[in-house]
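Trainee: here are the coordinates; sequence isn't available:
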RNA sequence: GGUGGGGUGGCCGAGUGGCGAGGCAGCGGCCUGCAAAGCCGUAUACGCGGGUUCGAUUCCCGUCCCCACCUCCA
């Protein structure tokens, strides 16, 4: 069975064949770096990381591009606020800060969050501010083709002419007539309220550093233009996959598609959108206050458990967070890991191509059906544990290799963990615990169970869990080793 | 008003015209000195009302409710 993906534009699941055999070109929208990452950002990143990993496991060379929007209204507002009279320092905005420093600071915060969850970097990560000439060129093409125009009010704005492009709305299957009027419908120099800005003329009070000279005057780019310009620059005028969060479908992706198609580019062949993250059924939003940040999640559970949680629902489904969800994910992850610890030797070589069970492949090929893939994973764990119980270590190792291969494809094998296994403190801890376990073993062999249990209780209370196995007692730290 | 997506057992979450994925939690058993881990077993599940069908959670019609997008949003 070949890979099938759901394409938002055609609203159907289709066989995926890349434009160029063996190579996949993928562009997905990253963040506007105006604040710390929230859970939705990392969910999206995990979803596309998963897609890339599966494409690679399927033998494709994937050229992945993810943008950084480092200039926009919000970034300028946040920076400007830090110089305001009523500015109060906060954890996220601790000091006066130029817009470009603010953007770069949060760009790094995003990298930290992605890294913490084992989201691999894309192979290219272009910034909007570095692609002015590409944007000018696209604007030129649109104006020449009669699909864009400089504003009539002398503002220096340049707009896309929605009425000149009959296909406008094709991505989300909406007609311009049926669209709700924007509450802030300020026609300014627009021909139609639906026209959107390709270029925003420089305004009095905006920092000089936040504007560039263009053939249509000094200013800065509109939001959508960068993605059209950068995706085609690095991936070509037609490329395989364009992705992002479901909330980007409109207006962002609709506008990108309109711009690029009107300029004559083939643009994306597949549009993939991941679902939103909700908090007990409601979309997380700062104004409602029902948010949980990636950092808070990482305080509650191990990074691997957080990643498991973020990836466990189908990528197009809404992912609901509720208190306790991370602990459940942690239990599931630990079940898998404890099996791997028992089933696999110290070192082993992994060949995913050979060790992935068919059920897992079929699930992933079916529009990345991760829940079904996880069922295959847990089934292999169960079968492996049964083999271990029966003393069949060869069969257990075979299942172990399967489980490791699946975990690897899911990006769960190499999520960085807090380092508890090295350093002087860890060595001291190990010496102390081993001494306690030796004492307990002695008490047990003397049938002095009261003493043996007292030692175990003491260790348990200290956060050290003891398990007796035929080969002797083993220990592990509970609760992520906090 | 327009456009999409949903309502599945205590919770999460796949899926299918007929043999009840998977995880978490619970209960019973095996194992264990006792535990832990593991294994086995265990649930009148598919919003509501009709219809099609030998048979519908799955298809059709109606209906109720929820969510998202149409404004910055992953």
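Mentor: Perfect, I can see it now. Everything quoted here is computed from the prediction, not taken from an experiment.
Trainee: quick one: terminal-to-terminal distance for stretch A:138-157?
Mentor: End-to-end distance of stretch A:138-157 (C-alpha to C-alpha, to the nearest Å): 15 Å.
Trainee: quick one: pLDDT of residue A:90?
Mentor: Here the pLDDT value assigned to residue A:90 is 92.
Trainee: What number of residues are in the vicinity of it?
Mentor: Each residue near residue A:90 was counted by other C-beta atoms under 10 Å, and the total is 8. Backbone N, C-alpha and C define where each C-beta goes, glycine included.
Trainee: cool, residue A:311 as well?
Mentor: 25.
Trainee: quick one: low-confidence parts of the stretch 51-200 of chain A?
Mentor: Counting by pLDDT under 70, the stretch 51-200 of chain A has low-confidence residues at A:180-188.
Trainee: Against RNA strand B, how distant is residue A:369?
Mentor: Here residue A:369 is placed at a distance of 5 Å from RNA strand B (C-beta to the nearest atom of the strand, to the nearest Å).
Trainee: If I look at that residue, what pLDDT would I see?
Mentor: At residue A:369, the pLDDT value in this model is 96.
Trainee: Report the spatially closest residue to it, excluding sequence-adjacent ones.
Mentor: Spatial nearest neighbour of residue A:369, chain neighbours left out: residue A:363 (4.4 Å); criterion: C-beta to C-beta, 6 or more residues apart in numbering.
Trainee: Ok, residue A:59 next?
Mentor: Once flanking residues are discounted, residue A:59 sits nearest to residue A:22: 7.1 Å by C-beta to C-beta, 6+ apart.
Trainee: wouldn't the one you found be in contact with residue A:58 here?
Mentor: No: counting by C-beta atoms under 8 Å, residue A:22 does not reach residue A:58; the two are 10.2 Å apart.
Trainee: For those two, indicate the residue with more neighbours.
Mentor: Between residue A:22 and residue A:58, residue A:58 has the larger neighbour count (other C-beta under 10 Å), namely 17 against 8.
Trainee: OK, contacts around that one?
Mentor: The contact partners of residue A:58, by C-beta atoms under 8 Å, 6 or more residues apart in numbering, come to A:3, A:365.
Trainee: Same check on the one 3 residues further on?
Mentor: Taking C-beta under 8 Å, 6+ apart as the criterion, residue A:61 is in contact with A:22, A:23, A:24.
Trainee: For stretch A:2-22, give me every contacting residue.
Mentor: Outside stretch A:2-22, the residues that touch it by C-beta under 8 Å, 6+ apart are A:24-25, A:54-55, A:58-61, A:170-171, A:173, A:238-241, A:249, A:257, A:268-273, A:316, A:364-368.
Trainee: Next: stretch A:248-266.
Mentor: Contacts to stretch A:248-266, defined as C-beta under 8 Å, 6+ apart, come from residues A:8-9, A:29, A:138, A:141-142, A:145, A:147, A:160, A:162, A:164-165, A:167-172, A:174, A:196, A:198, A:223-225, A:227-228, A:231-232, A:237-238, A:242, A:244, A:267-268, A:271, A:273.
Trainee: coming back round to it: which of the contacts of residue A:61 sits closest to RNA strand B?
Mentor: Of all those, RNA strand B sits closest to residue A:24, with 19.2 Å by C-beta to the nearest atom of the strand.
Trainee: bridging residues for the closest one?
Mentor: On the basis of DSSP bridges, residue A:24 is bridged to residue A:62.
Trainee: And for residue A:272?
Mentor: With DSSP bridges as the criterion, residue A:272 is bridged to residue A:243.
Trainee: For RNA strand B, see how far away it is.
Mentor: As judged by C-beta to the nearest atom of the strand, residue A:272 and RNA strand B stand 10 Å apart.
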